[in-house]
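Colleague: got a sequence here, can you model it:
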Amino acid sequence: MEQNQNHGAASGEQFFSANTEFNRFGLISMVPIIVGCTGGIAVGMGAVQSTLALILIVIPTMTTLSLLLAVSPMKYIMTSGIIATIVNLLFIAYYIIA
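Modeller: Have a look, this model is predicted:
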């Protein structure tokens with residue numbers, strides 16, 4: 001009744017990719033909430049007054065949401081979501097400081 005589990009052979013990227021595909025429906029419910037809310041906060045804090053800032057926030061956010069709608073591989077969705085969240089958080093930090 002022993003199971004041979006060889007966790008050391010798989011790279012971190014392969015392990016992450018397998019887990020995200022397995023947990024697709026849970027992640028699909030969380031990614032739009034996180035990306036959408038941080039994008040909305042960043043726009044509301046001052047990006048609406050600058051066309052360049054608005055473009056830099058909207059493109060990664062809408063790319064993430066489009067990939068979700070297209071049922072793309074989770075590797076692309078998570079990469080896009082992480083990039084969008086980082087951009088949004090940078091703009092939120094900038095508007096808090098400025």
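Colleague: in what helix or strand does the most centrally placed residue in the chain lie?
Modeller: Centroid-nearest residue in the chain, with C-alpha atoms, centre = their mean: Gly81, separated by 1.4 Å. Using DSSP states H and E, Gly81 sits in helix 74-97.
Colleague: now do the buried residues in that helix.
Modeller: For helix 74-97, the neighbour count (16 or more other C-beta atoms under 10 Å) marks Met74, Ile77, Met78, Ser80, Gly81, Ala84, Thr85, Val87, Asn88, Phe91, Ile92, Tyr95 as buried. From N, CA and C alone the C-beta is placed, and that goes for glycine too.
Colleague: okay, now the nearest residue to the fourth one once chain neighbours are set aside: neighbour count?
Modeller: I take that to be Ser80. Of all residues not flanking Ser80 in the chain, Thr64 sits nearest, at 4.4 Å (C-beta to C-beta, 6 or more residues apart in numbering). By other C-beta atoms under 10 Å, 27 other residues sit near Thr64.
Colleague: residues contacting Thr64?
Modeller: For Thr64, the contacting residues are Val31, Pro32, Val35, Ile77, Ser80, Gly81, Ala84, by C-beta atoms under 8 Å, 6 or more residues apart in numbering.
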